[in-house]
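Enquirer: could you look at this predicted model? Sequence included:
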Amino acid sequence: MLRSDGWAGSAAYLVGLTGPVDDLAGWLLARAFAAGAEFAHTHQPVAGFTRVDGLDVHVDV
């Protein structure tokens, strides 16, 4: 789990878990959101997340 606070806001990145890890992934992501993350990216399928083909992010700087 990596959490960042950059220009685009607070985000979380979850990678490296293998097997049936929905409970662990959910716990880690819940902690990230509780700490202020507004967006999360994960490579493995996690219950409650939807796969999308792409994402456009626009930031005012």
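Expert: Thanks, I have it.
Enquirer: where does pLDDT dip in the protein?
Expert: In the predicted model of the chain, residues 44, 47-48 satisfy pLDDT under 70.
Enquirer: what are the ranges of the strands in it?
Expert: 2-6, 9-14, 39-42 (DSSP state E).
Enquirer: pick the most buried one from those strands.
Expert: When you average the neighbours per residue for each of the strands of the chain (mean count of other Cβ atoms under 10 Å), strand 9-14 leads with a mean of 17. All C-beta spots, glycine's among them, are computed from the backbone N, C-alpha and C.
Enquirer: that older thread, in TSV: the strands of the chain, plus distance to residue 30.
Expert: Putting those into TSV (distance: least, Cβ to Cβ, whole Å) gives the following:
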stretch	distance to residue 30
strand 2-6	12
strand 9-14	10
strand 39-42	10
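Enquirer: looking at the sheet around the residue positioned nearest the centre of the chain, what are its partners?
Expert: Computing the C-alpha centroid of the chain and ranking residues by Cα atoms, centre = their mean puts residue 40 first, at 1.9 Å. For residue 40, the residues forming beta bridges with it (DSSP bridges) are residue 12.
Enquirer: what sits against it?
Expert: Counting by Cβ atoms under 8 Å, 6 or more residues apart in numbering, residue 40 touches 11, 12, 13, 14, 29, 32, 33, 49.
Enquirer: hmm, 7 Å instead?
Expert: Counting by Cβ atoms under 7 Å, 6 or more residues apart in numbering, residue 40 makes contact with 11, 12, 14, 29, 32.
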